[in-house]
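# no sequence for this one, just the structure:
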């Protein structure tokens with residue numbers, strides 16, 4: 001299944017930058033928005049004393065839909081980010097079918113780059129559920145996730161892959 005291009009959008013500069021949280025079975029996400037534009041998404045891996053707002057109904061509805069279905073065709077407006085190379089990698093990640101993985105080496109060869117450069121682009125991913133870098137694994141084992149090779153982020157990666165295998169079999 002081919003996914004549409006990411007919906008890049010420049011936010012309303014007059015709107016305040018707000019931070020929300022959204023809880024998934026894999027972990028909690030912190031979401032930064034400016035107006036109707038999603039600016040950043042990050043897994044919360046440790047207790048945080050900061051107070052975040054619950055996700056807006058619109059944002060929560062989109063995230064819940066995409067969590068429960070295998071399509072992951074987010075229609076949210078996204079803050080433009082990344083270099084041309086990073087965007088090429090991120091678009092390639094969106095082409096990996098739900099429930100499947102690719103190794104860093106396989107994807108690097110397809111994109112005519114090195115596994116290390118590919119991993120660095122994955123590490124810079126500003127939207128981890130929308131751009132599914134968790135679908136890229138090492139030849140043996142899970143590999144890293146968001147720049148980490150152990151700890152809570154690897155647990156989240158494993159949970160995301162398990163969840164996607166389960167929903168892909170329901171098709």
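That came in fine, so what should we check first? Owing to the predicted nature of the structure, the values given are computational and were not obtained by experimental measurement. Residues are numbered from 1 along each chain as shown.

# Okay, domains of this structure per the record?
According to automatic domain parsing, the chain comprises the domains 17-78, 84-169.

# Let me know whether residue 99 touches residue 162 as I believe.
No - using C-beta atoms under 8 Å, residue 99 is not in contact with residue 162; the gap is 10.0 Å. All C-beta spots, glycine's among them, are computed from the backbone N, C-alpha and C.

# SS state for residue 67?
helix (DSSP: H, G, I helix; E, B strand; the rest coil).

# For residue 117, see how far away it is.
30 Å (C-beta to C-beta, to the nearest Å).

# worst average pLDDT in the domains of the chain?
Mean pLDDT is lowest for domain 17-78 among those, at a mean of 81.

# Determine how far that domain lies from the middle of the whole chain.
From the chain centre to the centre of domain 17-78 is a distance of 10 Å (C-alpha atoms, centre = their mean, to the nearest Å).

# Could you work out the end-to-end span of it for me?
Terminal residues of domain 17-78 lie 13 Å apart, using C-alpha to C-alpha, to the nearest Å.

# Check which residues of stretch 52-66 are buried.
Of all the residues in stretch 52-66, those buried under the rule 16 or more other C-beta atoms under 10 Å are 52, 55, 59, 62-63, 66.

# Can you convert those into CSV and add a column each for secondary structure and distance to residue 148?
What follows is those, written out as CSV (DSSP: H, G, I helix; E, B strand; the rest coil; distance: C-beta to C-beta, whole Å):
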residue, secondary structure, distance to residue 148
52, coil, 21
55, coil, 24
59, helix, 26
62, helix, 27
63, helix, 23
66, helix, 24
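
# Adding distance to residue 112, write these out as JSON lines.
Below are the buried residues of stretch 52-66 laid out as JSON lines (distance: C-beta to C-beta, whole Å):
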{"residue": "52", "distance to residue 112": "40"}
{"residue": "55", "distance to residue 112": "38"}
{"residue": "59", "distance to residue 112": "36"}
{"residue": "62", "distance to residue 112": "34"}
{"residue": "63", "distance to residue 112": "34"}
{"residue": "66", "distance to residue 112": "30"}
